[in-house]
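> Sequence plus predicted model, see below.
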Amino acid sequence: MSANVVGLRHRGARNKPGAVHLSDSAVETLVGQIKALIETRNLGVGDPLPSERELGEMFSSSRTTVREAMRILKAYGVVDVRPKVGAVIIDRRMDAVFDLYSFNTLELSRQTFLDIQGLRQLIEVGSVDRLFESATSADIADLRAINDAMREEEQIHAAAQHDFRFHTRLVGILSNNQVLEIYQIMKPVMLKIMENGVSRLKSHGVNFDEHGGIVDAVETRNRIAFQYRMSQHLEAGLALFKE
């Protein structure tokens, strides 16, 4: 097997085909199953994966779930989808990224928090002008609806999912698919921050109010208020980590 695919081995072995982890989403579970399939079949660069239909039947997954899993693997540089051939394993150029944002157990360190939130600062705070130019009343309504759903959710994991939806919906206003791809890649570690960080420190009411202030600033096009509120929101969990 090509050395470029060996990096899949140590994680794929934990998720044998057919295994289901109730703490993972259907897409995350399927990604692990496909990684394990690559391992068990000893597939290397240039080898094709089963078709989407075959993967769906093999792992009892819907077509939508299979397509989303393949989209993630493509974003990681694991596979490429080629006409008349399907998904083919390619040279992986994102080993470090794949390692950092693993779907398996992730230890959240202070440095990881600083790195992720720093990147989000560049995107979510730094894009204020483009955001204000593009935001519509429908965008504002969607953000408020997601925030309301987060406030009503009692489970930390589910509330974190709404929190993630809020921020991806916000950056979605930028209409930049590459930014959305980055957020999908970062999703596991962002959810860890949202679950183990701010969500455990503060009540949903506080998080709800912070989101509400951010939306208010977008709606009124208040640049200073938006940058201040968003920066404070992203930095709020830093107190969890010791120097």
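Here it is on my side, so go on.
> could you pull out the helices for the chain?
For the chain, the helices defined by DSSP state H cover 3-6, 9-12, 26-40, 52-59, 63-76, 95-100, 110-120, 128-134, 137-152, 156-172, 177-193, 199-201, 204-220, 223-235.
> From the centre of the chain outward, give me the first residue you hit.
Among the residues of the chain, the one closest to the centroid is Lys187, at 1.9 Å (CA atoms, centre = their mean).
> pLDDT weak spots in this protein?
1-24, 76, 91-108, 196-204, 239-243 (pLDDT under 70).
> Start from the middle of it and tell me which residue ends up furthest away.
Within the chain, the residue lying farthest from the chain centre (CA atoms, centre = their mean) is Lys84, at 29.8 Å.
> Can you pull the phi and psi angles for that one?
When read as degrees, to the nearest 10, the backbone of Lys84 gives phi 70, psi 0.
> In contact with Gln117, which residues?
Residues in contact with Gln117 (CB atoms under 8 Å, 6 or more residues apart in numbering) are Ile193, Leu234, Glu235, Gly237, Leu238. In short, each C-beta sits where N, CA and C put it, glycine included.
> Show me the contact partners of stretch 66-73.
Contacts of stretch 66-73 (CB under 8 Å, 6+ apart): 27, 30-31, 34, 52, 55-56, 61, 79, 81, 87, 184-185.
> Nearest to Val218 among these?
Gln184 (22.3 Å; CB to CB).
> Now do that closest one against Lys74, distance only.
Distance, Gln184 to Lys74, by CB to CB, to the nearest Å: 11 Å.
> Out of these two, name the residue with the larger neighbour count.
Ranked by neighbour count (other CB atoms under 10 Å), Gln184 and Lys74 place Gln184 first, with 19 against 15.
> ok, now which ones touch the more buried one?
Counting by CB under 8 Å, 6+ apart, Gln184 touches Ile72, Ala75, Thr168.
> Compile these into TSV and extend it with columns for neighbour count and distance to Ser134.
Output for the contacts of Gln184, formatted as TSV (neighbours: other CB atoms under 10 Å; distance: CB to CB, whole Å):
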residue	neighbour count	distance to Ser134
Ile72	21	26
Ala75	18	23
Thr168	16	15
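> How about Gln121: what's its closest non-neighbour residue?
In this structure, Gln121 finds its nearest non-sequential neighbour in Leu234, 5.8 Å apart by CB to CB, 6 or more residues apart in numbering.
> And for the one you found, the neighbour number?
22.
> Looks like it contacts Arg120 (just checking).
Yes: assessed by CB atoms under 8 Å, Leu234 is found in contact with Arg120 at 5.6 Å.
> Not counting residues beside it along the chain, what's closest to Val85?
Among residues not flanking Val85 along the chain, Pro48 sits closest, at 6.0 Å (CB to CB, 6+ apart).
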